[in-house]
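J.: How does the following fold in three dimensions:
(chains A and B)
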Amino acid sequence: MKIEKAPKLEKVKTYSIITLVLVILGSAISFWVANRIDYYTAELVHTEEVLQSTDKLYATILERETSIRGYLLTGNEDFLANYENSITNGREVFNHILNLTEDNPVQQNYLQELNIFMKQRLDVFERSKEYYKINKTLDGFLNNSKVEDAVNGHISIKNLINQINAEEERILIQRNEILINNVNALPFIVGLISFFSILMGALTLFSIFHYNRASKINDQKIKNYQETLKEKIELLNESNNELKQFAYIASHDLQEPLRKITSFSDLLKEQFDEKLEGEGKHYMERITASANRMRQLITDLLEYSRAGRDSMESIKMINLEDILDSVLDDLEISITEKDAKIKYENLPTIEGKETELRQVFQNLISNSLKFSQAGIAPEITITASNAPIELISKYAQLDQSINYYLIKVADNGIGFDQDYADTIFTIFQRLHGKSEFEGTGIGLSITRKIIEKNNGLILAEGKPEIGATFIIILPKP
Amino acid sequence: MKTKKSIRILVAEDDDDDKLLIIKAFQKTLSIENITCVSDGEELINYLHKTSNSENSQFPIPDIILLDLNMPRKDGKTTLQEIKNHEEFRKIPVIIFTTSNLKEDVQMTYKMGTNSFITKPGNFKDLVKITQEINNYWSNTVVLPD
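T.: So this is what the prediction gives:
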């Protein structure tokens, strides 16, 4: 049977895990990128603030100059208040910028420089203010070099602020670029991961569908196979029954000509006895003996084909001692003849058909009687015990979940080579010549057939010139 | 042994050898005129229909019928049934004489009204013994209808 190739469930699991990992990774990357966008947006706002603050600072510086100039020109005290105000504001703004650019050493340097210039300018303002307060004029205070200093100082401050702004603008552009890159990258990354996630998800789904379909097909195939098997078993049973019938009919029909051979030789002997002499008589005897043997074979074969067949006889509890009692009754003549001693006690009760069990023990005991050693009285011992589990587990044909009896039939006969332990149960197999021991070689086959039909097992152990032991394993009722 | 009257036997047997053996065996106690043979059930029924009670009849009514089970055309069971269903013929005792020793056959034929069931013996001596017993029983022991 060809089994449909199905993706292994493991594979489907792997796909699902990969999909899950991709989704988690995608979420993490998206979150990270979003965080970066957030961060750089904050940085941009920060830079923007620095720029605004420098503008504000420059405005306070200009206001400071305009105010002091106004005071020095008019002597109006209002200008002085404005001047003081702008100084305070300027300091605040300056400190604010200092804080904002804390992490930028370039800006800090510029700010330090700016501070020095601003202080110099302020110093000049203070001094001219003091001078004016006392003299009510700046005459004598201003000279060319001082004016030049003033102009240069202002230009320096302006330049520095421009430089600070330039630096901030450079940072602004740089950050803006990063921000744009991040914003642009986000949909790309999300898209890419989503794409792979969807792909993996689809693959997982496809695998599951494929798996389900394949297992459905396989189920159907197994079902079909089981049906075929059932049909085959039915056919086998049919042909088995036919074979049984054939064996029966063949044995029956074979009896017919045999009966005639015997009968006509009888008739021949009866009517022409005086005319037959010497070899003629001998041949007649040979014909009769052969015919008798053939009849025995056919009878046994018939019995073999019948053995273990479903008969009308009911299965019941049977005590083996009762069986042995009646078997020994039947065999009384040969037991007495051979002076045999047969011992048995404490035999169990088992489930079976009486005729079958009787046949088993009849076969085994007559077998022991037949194969006794010349000049030694046969001794046959029948014992029973519980079969050990180790023994049961050795045979696959036995049900490991139930208990068995172990019944032994041991004799002191001629025994056999252990190599033949299995051969002796095969139909028509004999270990000895017909002239030594008569028999058809079917008895033990029948015995085995019956035991096996009763879900048991029979084994043989033998030692030449010591004896044979037949071991029967039968289920406990 | 005091023989009142020789019995007339009708043997239905398809096998020529068996027929010969049965005749040979019966000849030990009966004369050949008292033994009639037919080869199957059909012939047997035909024969019975031709019989009459008259003294010099060519087809005398048999005292007993020896019936084989396995026969061509009409087998023993069907023939037995026909005999036992017939107003006149049913009075004739029937002995099933067959190779079969099946319990079912024995059971069934007795139910159908056979008077005896005999399995053919394996040798001639036993056959002779059986024919003697049949003859003795049906001619001496029992009383047969006219």
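J.: Checking my notes, A:M118 in a helix, right?
T.: Yes: applying DSSP: H, G, I helix; E, B strand; the rest coil, one finds A:M118 inside a helix.
J.: before we move on, which element is the residue sitting nearest the centre point of chain B in?
T.: Among the residues of chain B, the one closest to the centroid is B:L66, at 1.7 Å (CA atoms, centre = their mean). Using DSSP states H and E, the element containing B:L66 is strand B:64-67.
J.: Can you show me the strands along chain B?
T.: B:9-12, B:35-38, B:64-67, B:94-98, B:116-119 (DSSP state E).
J.: Just checking the strand holding B:L66 against chain A, any contact.
T.: No: under the criterion of CB under 8 Å from any CB of the partner chain, chain A is not reached by strand B:64-67; the shortest gap measures 16.0 Å. Every residue, glycine included, has its C-beta placed from N, CA and C.
J.: Start from the N-terminal end of chain A and give the helices.
T.: For chain A, the helices defined by DSSP state H cover A:9-74, A:77-100, A:105-135, A:144-272, A:279-306, A:320-330, A:332-338, A:354-370, A:389-392, A:443-453.
J.: just so I know, which of those helices lies nearest B:E13?
T.: helix A:144-272 (12.2 Å; CB to CB).
J.: is chain B contacted by the closest one?
T.: Yes: judged by CB under 8 Å from any CB, helix A:144-272 and chain B are in contact via A:252, A:255-256, A:258-260, A:262-264, A:266-267, A:270.
J.: Sort out which of those residues are buried, if you could.
T.: A:252, A:255, A:258-260, A:262-264, A:266-267 (16 or more other CB atoms under 10 Å in any protein chain shown).
J.: Just put the residues you listed in JSON lines and tack on pLDDT.
T.: Formatted as JSON lines, these follow (pLDDT from 0 to 100):
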{"residue": "A:H252", "pLDDT": "71"}
{"residue": "A:Q255", "pLDDT": "80"}
{"residue": "A:L258", "pLDDT": "86"}
{"residue": "A:R259", "pLDDT": "86"}
{"residue": "A:K260", "pLDDT": "87"}
{"residue": "A:T262", "pLDDT": "87"}
{"residue": "A:S263", "pLDDT": "88"}
{"residue": "A:F264", "pLDDT": "90"}
{"residue": "A:D266", "pLDDT": "87"}
{"residue": "A:L267", "pLDDT": "88"}
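J.: Redo those as a markdown table? Include distance to A:S326.
T.: Below are those laid out as a markdown table (distance: CB to CB, whole Å):
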| residue | distance to A:S326 |
| --- | --- |
| A:H252 | 28 |
| A:Q255 | 28 |
| A:L258 | 31 |
| A:R259 | 31 |
| A:K260 | 36 |
| A:T262 | 31 |
| A:S263 | 34 |
| A:F264 | 39 |
| A:D266 | 34 |
| A:L267 | 39 |
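J.: Which of the residues you listed lies at the shortest distance from chain B?
T.: A:D266 (3.3 Å; CB to the nearest CB).
J.: That closest one - nearest residue in space that isn't next to it in sequence?
T.: Excluding the flanking residues, the one nearest A:D266 by CB to CB, 6 or more residues apart in numbering or on different chains is B:F124, at 3.3 Å.
J.: Go through the helix ranked longest in chain B and flag the buried ones.
T.: Identified as the longest helix of chain B according to DSSP H is helix B:124-136. Of all the residues in helix B:124-136, those buried under the rule 16+ other CB under 10 Å are B:124-128, B:130-132, B:134-135.
J.: can you tell me which residues contact A:L357?
T.: A:318, A:320, A:323, A:350, A:450 (CB atoms under 8 Å, 6 or more residues apart in numbering or on different chains).
J.: roughly how far apart are the nearest residue to the second one once chain neighbours are set aside and A:I161?
T.: The spatially closest residue to A:L320, leaving aside those adjacent along the chain, is A:L347, at 3.8 Å (CB to CB, 6+ apart). The gap separating A:L347 from A:I161 is 124 Å, by CB to CB, to the nearest Å.
J.: contact partners of stretch B:103-113?
T.: Counting by CB under 8 Å, 6+ apart, B:69, B:76-77, B:80-81, B:84, B:90, B:94, B:96, B:98, B:117 sit against stretch B:103-113.
J.: what's the farthest-apart pair in these?
T.: B:R90 and B:T98 (20.5 Å).
J.: so who does whatever residue of chain B ends up closest to chain A touch?
T.: Residue nearest to chain A within chain B: B:F124 (3.3 Å; CB to the nearest CB). By CB under 8 Å, 6+ apart, the contact list for B:F124 reads A:262-264, A:266-267, A:270, B:21, B:24-25.
J.: now, which of the residues you listed sits nearest A:I458?
T.: A:T262 (34.6 Å).
J.: Wait, the closest one touches B:P121, no?
T.: No: if you go by CB atoms under 8 Å, A:T262 and B:P121 don't touch, sitting 9.2 Å apart.
J.: Now the stretch 301-450 of chain A against chain B: closest residue?
T.: Taking CB to the nearest CB, the stretch 301-450 of chain A has A:M312 as its residue nearest chain B, at 8.0 Å.
J.: residues in contact with that residue?
T.: Applying CB under 8 Å, 6+ apart, no residues qualify as near A:M312.
J.: cool, and A:L398?
T.: A:392, A:404, A:455, A:457, A:473.
J.: any chance you could map the strands in the stretch 351-477 of chain A?
T.: A:379-386, A:404-411, A:457-463, A:467-475 (DSSP state E, counting those that start in this stretch).
J.: follow-up on the earlier one: which of B:R90 and B:T98 has more neighbours?
T.: Neighbours were counted for B:R90 and for B:T98 using other CB atoms under 10 Å in any protein chain shown; B:T98 has more, 22 against 12.
J.: looking at the sheet around that one, what are its partners?
T.: Going by DSSP bridges, B:T98 is paired in beta bridges with B:T119.
J.: Output the strands of the stretch 351-477 of chain A in TSV, with distance to chain B and mean neighbour count appended to each entry.
T.: Formatted as TSV, the strands of the stretch 351-477 of chain A follow (distance: least, CB to the nearest CB, whole Å; neighbours: other CB atoms under 10 Å in any protein chain shown):
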stretch	distance to chain B	mean neighbour count
strand A:379-386	31	17
strand A:404-411	30	21
strand A:457-463	28	18
strand A:467-475	27	22
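J.: For the residue of the stretch 101-250 of chain A found nearest chain B, which non-adjacent residue is spatially closest?
T.: Here the stretch 101-250 of chain A gets closest to chain B at one residue, A:Y248, 9.4 Å apart by CB to the nearest CB. The spatial neighbour of A:Y248 that comes closest, neighbours along the chain excluded (CB to CB, 6+ apart), is A:S305 at 5.5 Å.
J.: ok, now which ones touch that neighbour?
T.: A:244, A:247-248, A:251.
J.: ok, now which ones touch the residue nearest to B:I45 when sequence neighbours are not counted?
T.: Closest residue to B:I45 apart from its sequence neighbours, by CB to CB, 6+ apart: B:E82 at 5.9 Å. If you count contacts by CB under 8 Å, 6+ apart, B:E82 has them with B:41, B:45, B:74, B:89.
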